[in-house]
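A.B. asks: Build the 3D model from these lines:
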Amino acid sequence: MTSSKDKQFEVQKTEAEWRETLTSEQFHVLRKHGTERAGTSPLDKNYESGTYTCAGCGTPLFTSDTKFNSRTGWPSFFAPIDGGVETSVDRSLFMTRVEVHCARCGGHLGHVFSDGPAPTGQRYCMNGVALEFNPAEQTQA
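C.D. replies: Presented below is the predicted three-dimensional model:
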């Protein structure tokens with residue numbers, strides 16, 4: 001696990017630059033480690049084919065093939081795209097959890113838990129506001 005606080009990420013912006021490019025809710029989650037209210041993201045119930053990217057920098061993070069309904073109120077995945085995310089220990093709120101952040105910009109995405117489905121047993125519980133969904137291109141017959 002890496003520490004997102006100590007690492008120099010490829011995408012570097014000042015706090016003012018992040019505030020200019022993100023909505024207030026995205027800034028709260030991605031840059032201040034906030035959490036959106038459960039059940040508020042339309043991405044939780046999105047099961048279209050496509051790729052989920054970081055709302056901060058566009059890095060591909062998850063594919064729709066790994067998404068599942070965790071019934072938690074947040075978009076959940078059983079595996080990230082290789083190299084898209086990194087993890088660190090989060091000891092806030094009087095508990096120890098594993099934080100998931102974007103490997104390219106360091107944006108806070110959510111947490112990973114070991115109560116997910118096969119084949120990994122992992123549940124990457126992500127804040128929908130930290131993600132953008134890019135539908136798979138439709139092929140025309």
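
A.B. asks: Could you list every helix and strand that the helix or strand bottoming out on mean pLDDT in the chain packs against?
C.D. replies: Lowest mean confidence among the helices and strands of the chain (mean pLDDT, DSSP states H and E): strand 85-90, at a mean of 90. On a contact count with 3 or more CB pairs under 8 Å, 6 or more residues apart in numbering; DSSP states H and E, strand 85-90 meets strand 97-102, strand 108-113. Using the backbone N, CA and C atoms, a C-beta is placed for each residue, glycine as well.

A.B. asks: between that strand and strand 108-113, how many degrees?
C.D. replies: 80 degrees (axes from the mean of the first three to the mean of the last three CA atoms, to 10 degrees).

A.B. asks: Can you point out the buried residues in strand 85-90?
C.D. replies: By neighbour count on 16 or more other CB atoms under 10 Å, the buried set for strand 85-90 is Val85, Glu86, Thr87, Ser88, Asp90.

A.B. asks: Neighbouring strands - and their directions - for that strand?
C.D. replies: Under the criterion DSSP bridges, strand 85-90 sits next to strand 97-102 (antiparallel) in its sheet.

A.B. asks: So what touches the partner strand?
C.D. replies: For strand 97-102, contacts defined as CB atoms under 8 Å, 6 or more residues apart in numbering pick out 1, 4, 9, 30, 33, 54, 56-57, 59, 61, 80, 84-90, 107-113, 124, 126.
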